[in-house]
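S.K.: here is a sequence together with a model predicted from it:
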Amino acid sequence: MEKQQVMLPTASTSSTALSSQNQSDKEAKHHRYAFQTRSPVDVLDDGYQWRKYGKKIVKNNTFPRSYYRCAHRECNVKKQIQRHSDDEQIVVTTYEGTHTHPVDKSVETFDQILGNLLIDNLLNNAPPTIE
DNA sequence: CGGGTTTGACCAGCGC
DNA sequence: GCGCTGGTCAAACCCG
C-alpha cells in the first residue's frame, strides 16, 4: 500500500474534543480524544510513528476502522482512525492515552496542535460531536 | 534481512 | 444464556 503522509497542508482541524464526559468511570479513566479532520488521507502524520495492529469493519460505518499503536515500547498510546460513513472526506481520529516520549520530528505537529485544541475545547466545555 | 503491514480468527464485554 | 460488535493478537507476506 502507499503510505500517505500528510503534514498538515490544508487539512483543517475543525472541532472537536471528546473527553471525560460523565458517562462512566471507565470512560473517565481512559483518555479518549476524538478529532474530526477533513483530510484526503486517513493517517495524519502527527510526528509520531504508528504501527497498525488491526482493521475492523464497523456496522455503522461503510469504511473500515484502522487501529494504530505507538511505535515506542514504553508508549502505550493507541490511536484509531475511521472515516465518516456519510462523508468519506471526514476522518475521525481518536487518540487514547498520552505520549511519554518527545516527538520524533522537530516540527510542531498535529499532536501539539490537536493537544492545544483539546485543552481549548476542554476549557470551553465543548460538547461531544461523535457518539 | 528486518520491519511493517495485511487479513483472519479468537476473545471479551454488553445487550437482549 | 446466547448473540453480536468491537478490539486485540498472531502468522504470513511485501517492501525497503
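M.R.: Here it is on my side, so go on. Numbers count the residues shown, from 1 in each chain, chains lettered A, B, ... in the order given.

S.K.: and the residue in chain A positioned nearest to DNA strand C, its phi and psi?
M.R.: As assessed by CB to the nearest atom of the strand, DNA strand C sits closest to residue A:54 within chain A, at 3.1 Å. To be clear about C-beta, it is placed using only N, CA and C from the backbone, and glycine gets the same treatment. Dihedral pair for residue A:54: phi 180, psi 160, per degrees, to the nearest 10.

S.K.: distance of it from residue A:64?
M.R.: Noted for residue A:54: a distance of 10 Å to residue A:64, by CB to CB, to the nearest Å.

S.K.: higher neighbour count, those two?
M.R.: Between residue A:54 and residue A:64, counted using other CB atoms under 10 Å, residue A:64 has the larger neighbour count: 14 against 11.

S.K.: and that one, what does it touch?
M.R.: A:55, A:56, A:57, A:58, A:82 (CB atoms under 8 Å, 6 or more residues apart in numbering).

S.K.: I figured the last one hits residue A:60, correct?
M.R.: What that stands for is residue A:82. No - judged on CB atoms under 8 Å, residue A:82 makes no contact with residue A:60 at a distance of 9.6 Å.

S.K.: of those two, who's got more company?
M.R.: When residue A:82 and residue A:60 are compared for neighbours, residue A:82 comes out ahead with 22 against 8, by other CB under 10 Å.

S.K.: just the element for that one, please.
M.R.: Using DSSP states H and E, residue A:82 sits in strand A:78-83.

S.K.: angle of the helix or strand hosting residue A:36 against strand A:78-83?
M.R.: Residue A:36 is part of strand A:32-38 when elements are defined by DSSP H and E. Going by axes from the mean of the first three to the mean of the last three CA atoms, to 10 degrees, strand A:32-38 is angled at 30 degrees with respect to strand A:78-83.

S.K.: leaving out chain neighbours, which residue sits closest to the residue of chain A closest to DNA strand C?
M.R.: residue A:67 (4.0 Å; CB to CB, 6 or more residues apart in numbering).

S.K.: tell me the strands beside the strand or helix carrying that neighbour, with direction?
M.R.: Element membership for residue A:67, per DSSP H and E: strand A:64-70. Strand pairing for strand A:64-70, using DSSP bridges, gives strand A:50-57 (antiparallel), strand A:78-83 (antiparallel).
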